[in-house]
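Q: prediction below, plus the sequence it came from.
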Amino acid sequence: MKSLLALLLFSLSFAFAQLRVVATYPWIGELVREIGKDKVRVHVIARPDEDPHFVVPRPSHIARMRDADLVVINGASLEIGFLPPLLQQSNNPRIQPGRAGFLDLSQFINLIEKPERVSREMGDVHPEGNPHYVFDPRNIPILARAIRNKMCELNQKDCSFYNANLEDFLRRWDAKLREWDEGFSKLRGLKVIQWHKTYNYLLNRYGIQEVGTLEPLPGIPPTARHLDSLVQSSRGQGVRYVILEGFRKNEMRTAQRVADSIGARVVVLPSDVGSEGVKNLFDLYDVILRRLSQ
């Protein structure tokens, strides 16, 4: 009974206000805006040019989290380096893990590459599995519904508004999915090397083959020995691209050296909304498809 009363009071607090949402990454913020439109006020923590594993927490984030009604995160330990101290220092009981104002989107996705065990010698692996599920465009409708459900739970008054926005978003998304399915299906069998296993959900969805990674282990910088081994094993396999995320442009020389050694090209792909040429979630997949199709 107490929990029902608390949820009722929590919902009534939004009767005449915008829902104040903190999103950990830009793509999450875009999805929240698609559902909430002008009835949400969104603050995004990470910048699109930051490595999502190593976001720098700032005092301004604490202030926004102190007033937040809802925090939406990627989850699967992607934010483990910066989110726990922000949550603690916000001193906001509504948005703590397990409370009504906390939403972990990874809970709605079947994560791939979940290790059977975790140890330091495996690099910086995520115990829950690969956290970069946003790169499968078929995951987005699932996540949009999860956000709608949470926003309706917190603010029942505007639930019909959220529902209408969700339906409009899904209609536009389904139309683009047909385009992306057709475009990416032409890349089936394409062979690539990545810096990190960032795009594996996309590669798996559309039958693109990862031949190797520049990282010897997740989160471990490339070594000369590993790169030499990678070049030897990749030479003659027909690798077309060495993929670099946009936030790793300062690593271009290393990627280019490997690409030159095996007759491939370096392609820089966006890692989030706000990356070069990516104004919204639709652009994210359009730009990836266009660059891999060159």
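A: Happy to help now that I have it. All values reported here derive from a predicted model rather than from experimental measurement.

Q: residue 219 and residue 127: what is the separation?
A: 13 Å (Cβ to Cβ, to the nearest Å). C-beta coordinates here come from the backbone N, C-alpha and C atoms, glycine included.

Q: actually residue 221, sorry about that
A: 22 Å.

Q: just how off-centre is whichever helix or strand residue 72 is part of within its chain?
A: According to DSSP states H and E, residue 72 maps onto strand 70-73. Remark: strand 70-73 is offset 13 Å from the chain centroid, using Cα atoms, centre = their mean, to the nearest Å.

Q: tell me the confidence at residue 118?
A: For residue 118, the model assigns a pLDDT of 76.

Q: brain fart, residue 121
A: Confidence score, pLDDT, at residue 121: 71.

Q: what about it, distance to residue 33?
A: According to Cβ to Cβ, residue 121 stands 42 Å off from residue 33.

Q: looking at those two, which one has more neighbours?
A: Using other Cβ atoms under 10 Å as the criterion, residue 121 and residue 33 rank with residue 33 on top: 19 against 6.

Q: list the contacts for the more buried one?
A: Shown in contact with residue 33 (Cβ atoms under 8 Å, 6 or more residues apart in numbering): 40, 42.

Q: ok so it is a helix residue?
A: Yes: membership of residue 33 in a helix is supported by DSSP: H, G, I helix; E, B strand; the rest coil.

Q: what is the neighbour count of residue 62?
A: Number of residues near residue 62 (other Cβ under 10 Å) recorded here: 17.

Q: what's the answer for residue 293, then?
A: When neighbours are defined as other Cβ under 10 Å, residue 293 has 11 of them.

Q: before we move on, what about residue 213?
A: Residues near residue 213, counting by other Cβ under 10 Å, number 20.

Q: cool, residue 189 as well?
A: Residues lying near residue 189 (other Cβ under 10 Å) number 10.

Q: now do the same for residue 126: its pLDDT.
A: Residue 126 carries a pLDDT value of 83.

Q: tell me, what residue is most central in the protein?
A: Nearest to the mean C-alpha position of the chain, counting by Cα atoms, centre = their mean, stands residue 134 at 4.4 Å.

Q: who's in contact with that residue?
A: Contacts of residue 134 (Cβ under 8 Å, 6+ apart): 25, 27, 74, 140, 201.

Q: could I get the residues you listed as CSV with distance to residue 158 and secondary structure?
A: CSV is the format used below for the contacts of residue 134 (distance: Cβ to Cβ, whole Å; DSSP: H, G, I helix; E, B strand; the rest coil):
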residue, distance to residue 158, secondary structure
25, 24, coil
27, 23, helix
74, 25, coil
140, 22, helix
201, 32, helix
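
Q: got the contact list for stretch 231-247?
A: Counting by Cβ under 8 Å, 6+ apart, 48-51, 190-196, 198-199, 211-212, 214, 251-252, 255-256, 258-259, 261-271, 275-276, 292 sit against stretch 231-247.

Q: any of the residues you listed buried? List them.
A: Buried residues within the contacts of stretch 231-247, defined by neighbour count using 16 or more other Cβ atoms under 10 Å: 48, 50, 190-196, 198-199, 211-212, 214, 251, 255, 258-259, 261-262, 264, 266-271, 275, 292.

Q: inside strands: which ones of those?
A: Among the buried ones among the contacts of stretch 231-247, the residues falling in strands (DSSP state E) are 191-194, 211-212, 266-269.

Q: tell me the one among those nearest to residue 171.
A: When those are compared for distance to residue 171 (Cβ to Cβ), residue 269 wins out at 26.9 Å.

Q: so where does the residue nearest to that closest one when sequence neighbours are not counted fall, helix or strand?
A: Leaving out its chain neighbours, the residue that sits closest to residue 269 by Cβ to Cβ, 6 or more residues apart in numbering is residue 288, at 5.3 Å. Element membership for residue 288, per DSSP H and E: helix 281-292.

Q: just want the angle from that helix to strand 265-269.
A: For helix 281-292 against strand 265-269, the angle by axes from the mean of the first three to the mean of the last three Cα atoms, to 10 degrees is 180 degrees.

Q: next one: helix 281-292 to chain centre, how far?
A: How far helix 281-292 lies from its chain's middle: 14 Å, per Cα atoms, centre = their mean.

Q: other SSEs contacting it?
A: Identification of packing neighbours for helix 281-292 by 3 or more Cβ pairs under 8 Å, 6 or more residues apart in numbering; DSSP states H and E yields helix 26-36, helix 159-185, strand 265-269.
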